[in-house]
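A.B. asks: The following comprises the amino acid sequence and a computationally predicted model.
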Amino acid sequence: QLQLVESGGGAVQPGGSLRLSCVASGFELDYYAPAWFRQAPGKEREGVSCISSSGGTTNYTDHVKGRFTISKDNAKNTIYLQMNSLKPEDTGVYYCALLWGSRCSLRRYEFEYWGQGTQVTVSS
C-alpha cells in the first residue's frame, strides 16, 4: 500500500524548532524526489523545500532559506524537515509529497503522491 504519513507538527513559540518526519510506505525513495509543501489558512499550498532522489540537490523557497533543512533516509524510507527559528508566518499544514524521478521540484501540480498533512502553529 502506497502511503505517506507525516508527523512532528505541533505548537511552538517564535524562535523555536520542530522536526517533521514523513514515512513513505510502499515506496523506494531511491527513485523519488520528495518535497515539503505547506498551506496557511486562506492561502494556496506552496512549495517549501525539495530534495533530489540522490540527495545531492536541495532547494528552498526564499521564505525559509537558512532556517529549514530537508533530508531523507532511504534505508528508513523517511523524509525530514528540520525547522529552526520558526516565525508566525510559518504556521500552516505541512504536507510531504513524492515526485517520480530524480529532479527536485516545487511545482505542486507535478506531484502525484501526498500525505495527509501535519499542523504547525507558531505563536506566542
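C.D. replies: That came through fine.

A.B. asks: ok, now which ones touch the most centrally placed residue in the chain?
C.D. replies: Central residue of the chain (C-alpha atoms, centre = their mean): Trp36, 2.3 Å from the mean position. Trp36 makes contact with 20, 22, 47-50, 70, 79, 81, 94-97, according to C-beta atoms under 8 Å, 6 or more residues apart in numbering. From N, CA and C alone the C-beta is placed, and that goes for glycine too.

A.B. asks: residue ranges for the strands of this protein, please.
C.D. replies: Secondary structure of the chain (DSSP state E): strands at 3-7, 10-12, 18-25, 32-39, 46-51, 58-60, 68-73, 78-83, 92-100, 113-114, 118-122.

A.B. asks: With Arg107 as the reference, name the closest of those.
C.D. replies: strand 46-51 (7.1 Å; C-beta to C-beta).

A.B. asks: Buried residues of the closest one, list them for me.
C.D. replies: Gly47, Val48, Ser49, Cys50, Ile51 (16 or more other C-beta atoms under 10 Å).

A.B. asks: Make a markdown table out of those and add distance to Tyr109.
C.D. replies: Shown next, in a markdown table, are the buried residues of strand 46-51 (distance: C-beta to C-beta, whole Å):
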| residue | distance to Tyr109 |
| --- | --- |
| Gly47 | 11 |
| Val48 | 16 |
| Ser49 | 17 |
| Cys50 | 14 |
| Ile51 | 19 |
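
A.B. asks: and the residues you listed as TSV, adding pLDDT?
C.D. replies: Shown next, in TSV, are these (pLDDT from 0 to 100):
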residue	pLDDT
Gly47	98
Val48	98
Ser49	98
Cys50	98
Ile51	97
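
A.B. asks: Out of the residues you listed, which comes closest to Lys87?
C.D. replies: Val48 (13.0 Å).

A.B. asks: how much space between the closest residue to that closest one other than its chain neighbours and Thr69?
C.D. replies: In this structure, Val48 finds its nearest non-sequential neighbour in Trp36, 4.5 Å apart by C-beta to C-beta, 6 or more residues apart in numbering. Going from Trp36 to Thr69 by C-beta to C-beta, to the nearest Å gives 11 Å.

A.B. asks: Identify the contacts common to the two.
C.D. replies: With C-beta under 8 Å, 6+ apart, Trp36 and Thr69 have common neighbours Leu81.
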